[in-house]
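Asks: Coordinates for the following, if possible.
(2 chains)
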There are 2 protein chains.
Amino acid sequence: MNIREEAAKMKLVAPELAASSIETRNHALELIAQALEAQKAEVFAANAMDLKAAEENQIAPAIIKRLKYDETKMRDSIAGLRQLQGLADPLGKVMLSRELDEELLLSRISVPIGVIGVIFEARPDAMVQVASLCLKSGNCAILKGGKETTHTNRVLFEIIKQSAIKAGLPESCLLQAELHNEIDELLACDQDVDLLIPRGSNQFVRYIMEHTKIPVMGHSSGICHIYVDRAVDQEQAIPIIVDAKIQYPAACNAVETILVNRAIAEEFLPKMAKALDAVKVTLRGTKEVKEIIEGATGISVDCMAEEDFATEYNDLVISIKLVDDVAAAVKHINYFGSHHTDCVLTTDDACAAYFAQTVDSAGVYRNCSTRFADGFRYGFGAEVGISTGKLHARGPVGLEGLVTYKYLLTGKGQIVGDYASGKKQFHHKDLQI
Amino acid sequence: MNIREEAAKMKLVAPELAASSIETRNHALELIAQALEAQKAEVFAANAMDLKAAEENQIAPAIIKRLKYDETKMRDSIAGLRQLQGLADPLGKVMLSRELDEELLLSRISVPIGVIGVIFEARPDAMVQVASLCLKSGNCAILKGGKETTHTNRVLFEIIKQSAIKAGLPESCLLQAELHNEIDELLACDQDVDLLIPRGSNQFVRYIMEHTKIPVMGHSSGICHIYVDRAVDQEQAIPIIVDAKIQYPAACNAVETILVNRAIAEEFLPKMAKALDAVKVTLRGTKEVKEIIEGATGISVDCMAEEDFATEYNDLVISIKLVDDVAAAVKHINYFGSHHTDCVLTTDDACAAYFAQTVDSAGVYRNCSTRFADGFRYGFGAEVGISTGKLHARGPVGLEGLVTYKYLLTGKGQIVGDYASGKKQFHHKDLQI
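Replies: Modelled structure (predicted):
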């Protein structure tokens, strides 16, 4: 398969998918749900092959758990497809309606982005979720899943594609890339692919960002911070920090660095150290942090280097540093952070307002866990990823992040010369939407 | 001056500018207006130096006209500054307010993008317009104007910067780059510059897009089309085509290619050819177009090559081709066009709807000139450029295109573990904004 040729074909078909009705797109989602149910034996057989290969390749049990696609995960996929059908059509929304002059009407309406390439980790449920989000939003999609789920993905993709065609969507609206070298082919499709969404390791996402001219949406790293202010409810702070670190340490929204106001360090650090040590989190701290914690609790603290503050551990390790005030905390966060999600723990409204205003991140939190940064938790139904970029979508990206807009202008023969000469004037009257 | 160091300083100051009140930002705009008036002798003297140098360098009179900054242009700049003050604050708008659970409140608010680099053509009024749009939207800006207006820009920039400081905005919020090699330094500032907006020739914009990792907003070429349907008011069509070509041929929204429905070619082509010939537009056409026009009118038509359809003439030259129907027209436009602005001339609503739905451009028009694609004409007050990209802002980019958003989440100690375990459930209740 030649990805560039296929992408070019897809580009030609994109307007047709864009023009499809919401009923047709929802019907496709329903047919996928039904086909999953009907063909589940085939799906599970394919998944068994992937699991067998994974065991043979001595892949870690934690990873194998993610490769597994069983009754429970399929039920979740089907429930997700039904939930997505219930969400409003993201296309054709009128965002602006303005009469520029008599019978010269400007409107701005939401349209799909066009052709989207999504490269995602080895998780069969991701294939269903990503494909269905693209279909619902009227986008053609080139999908490349992790190689460890090749067999499962192949069956799932066929189910999805055949269901889309059966619903009446264009035949070339979905494409599966299976080979690793096809990723490089995809990166070269800047003529036809409008957006890339890579998911995976920092290193992988950075590779994608550096090797394509196609706009990339996503994040390479998630270096999230919690700043513990001097005015803090310490009993509330500890469980938040523990949750943010251990609830899913490999997630991008897990916390990596705790900044503690120096005024409460002597009292707070030992309490926090005990709570983190109890759940097997390794502590790394600056010299003064190490002295306070080791002196008060005997819990050992690794000496940290400056570069640790720029490291996403993805593990049960945490960096700890003291700061003089919220301003110093914000400076640290904006410098070392990845603009993902950062949190202040404080009972002081002025401190919280300053933090919210000046932290330059997609999510800025107060008194809750950073782990809430997620499309499902935000009520977006699902997400294709989390963006730390500032343009277009920021934070968890759901259907809304998969659309753009176009301006429509309808006239009765108006020409610009008449306005340039002063013969006519614009009146710019906004109409009710 | 070291652009990278200056950009890093600017990045640190960006949150301070972002936090400034709308009163302060508007006050800065007012002070700029007053200072322009007060220091006009100085501005005009600097401009005289630029004009003298331009004449010595034998720059074309049409270009020299653009370099000139006189009483009229200053009056326009001052009026623009006052109009901008009247526009609503683009920052701090609440776009979403949702209770995820009791006392766990999510909101999405508009914030500035941060640090923006704008590289613009040699036009003194552009310096005032670009700087004021960035200030109003709370963005730090690195400004690089055309070298032919160096003296004028230097004075204007000082006026703008001193006015901003006087109003209370941070000292490092604006920076002027003057040397051409500083453009390459700016392109390397992907750590600190959030967005680049290049304006100028296709070749220049393409150079920028290919030599930076910073997101670029703008357009390299403007290959705009008009499709003349078989169901058309021919009397209305001719003035639209003439206006779209000649009202300002060097503009990106001028038309380059006319696609005519074959069914009306014998009747329409000669009429159109006469009208275009009368205003000195050179015609380029396919073989059949040439035969019809030359046979009927004697007006000579240049033979065109395929690549002419991918060329932005920026001149009094136009490409003409026949197509069988609206579908063929749309295919041509999506393939050869630059996704800028394309227009259908038709009295047939079904044809217009198909065209609006399937043409993949920032502006899709019906029965009016493509020259309307402009921020001022759309009622945006002003524009920093026109974007043909699909992400973030598309079409003319005003204040709204210079902002992004952040999610704020405020809780009372909520942790994700409680939701993962099923102890608590999200209720996702949208609140009134």
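Asks: And chain B, is the strand or helix carrying A:Gly417 touching that?
Replies: Taking DSSP states H and E as the definition, A:Gly417 sits inside helix A:416-420. Yes - for helix A:416-420, a contact with chain B is found by Cβ under 8 Å from any Cβ of the partner chain, at A:416-417, A:419-420. Every residue, glycine included, has its C-beta placed from N, CA and C.
Asks: Quick one: buried ones out of these?
Replies: Buried members of the residues of helix A:416-420 next to chain B, counted by 16 or more other Cβ atoms under 10 Å in any protein chain shown: A:416-417, A:419.
Asks: Just the residues contacting the helix holding A:Gly417, thanks.
Replies: A:101, A:424-426, B:243, B:247-248, B:369, B:371-372, B:377 (Cβ atoms under 8 Å, 6 or more residues apart in numbering or on different chains).
Asks: average model confidence for it?
Replies: On average, the pLDDT along helix A:416-420 is 92.
Asks: Next secondary structure after it?
Replies: Taking DSSP H and E, what comes next after helix A:416-420 is strand A:429-430.
Asks: got a pLDDT number for A:Ser201?
Replies: 83.
Asks: tell me, how many neighbours does it end up with?
Replies: 14 (other Cβ atoms under 10 Å in any protein chain shown).
Asks: List the contacts of it.
Replies: Counting by Cβ under 8 Å, 6+ apart, there are no residues that A:Ser201 touches.
Asks: Ok, the one 5 residues further on next?
Replies: For A:Arg206, the residues meeting the contact criterion (Cβ under 8 Å, 6+ apart) are A:Ser220.
Asks: A:Tyr405 looks like it's in a helix, true?
Replies: No - in this structure, A:Tyr405 is strand, not part of a helix, as judged by DSSP: H, G, I helix; E, B strand; the rest coil.
Asks: That one: how many residues sit nearby?
Replies: Using other Cβ under 10 Å, A:Tyr405 is surrounded by 19 other residues.
Asks: can you check A:Leu431 too?
Replies: Residues near A:Leu431, counting by other Cβ under 10 Å: 12.
Asks: Identify the residue nearest it in space, chain neighbours excluded?
Replies: Spatial nearest neighbour of A:Leu431, chain neighbours left out: A:Ser97 (4.3 Å); criterion: Cβ to Cβ, 6 or more residues apart in numbering or on different chains.
Asks: Spell out which helix or strand contains that neighbour, please.
Replies: Here A:Ser97 is assigned to strand A:94-101, by DSSP H and E.
Asks: Now do the buried residues in that strand.
Replies: For strand A:94-101, by 16+ other Cβ under 10 Å, it's A:96-101.
Asks: what does stretch A:63-76 give?
Replies: For stretch A:63-76, by 16+ other Cβ under 10 Å, it's A:64, A:66-69, A:73-74.
Asks: residue contacts, the closest residue to A:Cys368 other than its chain neighbours?
Replies: Residue nearest to A:Cys368 in three dimensions, not counting chain neighbours: B:Gly411, with 3.0 Å by Cβ to Cβ, 6+ apart. Residues in contact with B:Gly411 (Cβ under 8 Å, 6+ apart) are A:365-368, A:372, B:103-105.
Asks: can stretch A:267-283 be found next to chain B?
Replies: No - on the criterion Cβ under 8 Å from any Cβ, stretch A:267-283 is out of touch with chain B, staying 11.1 Å away.
Asks: For that stretch, which residues meet the burial criterion?
Replies: Those would be A:268-273, A:275-277, A:281, A:283, for stretch A:267-283 by 16+ other Cβ under 10 Å.
Asks: next one: stretch A:206-226
Replies: A:207-209, A:212, A:214-226.
Asks: any idea how far it is from the chain center?
Replies: 11 Å (Cα atoms, centre = their mean, to the nearest Å).
Asks: Quick one: neighbours of the residue nearest to A:Arg82 when sequence neighbours are not counted, just the number.
Replies: Using Cβ to Cβ, 6+ apart and skipping the chain neighbours, the partner closest in space to A:Arg82 is A:Ala33 (6.1 Å). Using other Cβ under 10 Å, the number of residues around A:Ala33 comes to 23.
Asks: who are the neighbours in contact with A:Ala33?
Replies: By Cβ under 8 Å, 6+ apart, A:Ala33 lies in contact with A:77-78, A:81-82.
Asks: for A:Gly145, phi and psi?
Replies: Phi and psi for A:Gly145, reported as degrees, to the nearest 10, are phi -100, psi 170.
Asks: and the closest residue to it other than its chain neighbours, what does it touch?
Replies: Closest residue in space to A:Gly145, ignoring its immediate chain neighbours: A:Asn153 at 4.5 Å, by Cβ to Cβ, 6+ apart. If you count contacts by Cβ under 8 Å, 6+ apart, A:Asn153 has them with A:124, A:127, A:145, A:176, A:178.
Asks: are any of those buried, and which?
Replies: A:124, A:127, A:145, A:176.
Asks: Closest one of these to chain B?
Replies: Proximity of these to chain B (Cβ to the nearest Cβ) peaks at A:Pro124, which lies at 20.6 Å.
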